[in-house]
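**Q** turn this into a structure:
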Amino acid sequence: MQVEKKNLPGVGLRPIGIVRSAYKVQADAPRQGRLEPVESIIEIYPDYEAGLEGISAYSHLLILSWFDRGSRDTLSVERPEWGAPRGVFATRSPNRPNPIGLSLVDLLSIDSRVLRVRGLDALDGTPVLDIKPYSAAIDSPENDSLSDK
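**A** Numbers count the residues shown, from 1 in each chain. Predicted coordinates:
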């Protein structure tokens, strides 16, 4: 089966905020944000403040960000413990054709447009694309496949 490559005209993303983090370059950040107890700040732009209504009811959030400093031409990733390269879509590498980051974070506090979170592996200045509440009933599968050994 041949699949035709298609570009989506008019696909545009508008950041809703920005990350303030201790991580300045990719080498500073942990392999996964949940592996380090570092706190970060997410500053939401004023135009999107109303979208935060009700978010304080959640203890965990899913943060979608744009890894703007990642390489966009990576299709294969190697790590010594894997024994063989993997395709980028079988990894959580920030270097990928569309460098969209997805992080599960702890919401520690919210003050107006400022969210204090733990578990975010984004670099300082990373654009935030979206925020969604985490739901264990929806977001955690019953039979989790842990192949990242």
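
**Q** for stretch 62-80, what is the distance to the chain centroid?
**A** Distance of stretch 62-80 from the chain centroid (CA atoms, centre = their mean, to the nearest Å) equals 10 Å.

**Q** for that stretch, measure first residue to last.
**A** 29 Å (CA to CA, to the nearest Å).

**Q** got the buried residues for that stretch?
**A** 62, 63, 64, 65, 66, 67, 70, 74, 77 (16 or more other CB atoms under 10 Å). (Each C-beta comes from the backbone N, C-alpha and C, glycine too.)

**Q** now for the residue lying closest to residue 56 once chain neighbours are set aside: which residues touch it?
**A** Leaving aside its sequence neighbours, residue 56 sits nearest to residue 110 (CB to CB, 6 or more residues apart in numbering; 5.2 Å). Residues near residue 110 by CB atoms under 8 Å, 6 or more residues apart in numbering: 52, 55, 56, 116.

**Q** and residue 92, what pLDDT?
**A** The model reports residue 92 with a pLDDT of 78.

**Q** kindly list the main-chain dihedrals of it?
**A** When read as degrees, to the nearest 10, the backbone of residue 92 gives phi -110, psi 30.

**Q** kindly provide the distance from it to residue 3.
**A** 24 Å (CB to CB, to the nearest Å).

**Q** ditto for residue 121
**A** Taken as CB to CB, the span from residue 121 to residue 3 is 32 Å.

**Q** could I get the contacts of residue 110 as CSV with pLDDT and secondary structure?
**A** Formatted as CSV, those follow (pLDDT from 0 to 100; DSSP: H, G, I helix; E, B strand; the rest coil):
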residue, pLDDT, secondary structure
52, 98, helix
55, 97, helix
56, 97, helix
116, 98, strand
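
**Q** is the residue nearest to residue 56 in a helix, a strand, or coil?
**A** strand (DSSP: H, G, I helix; E, B strand; the rest coil).
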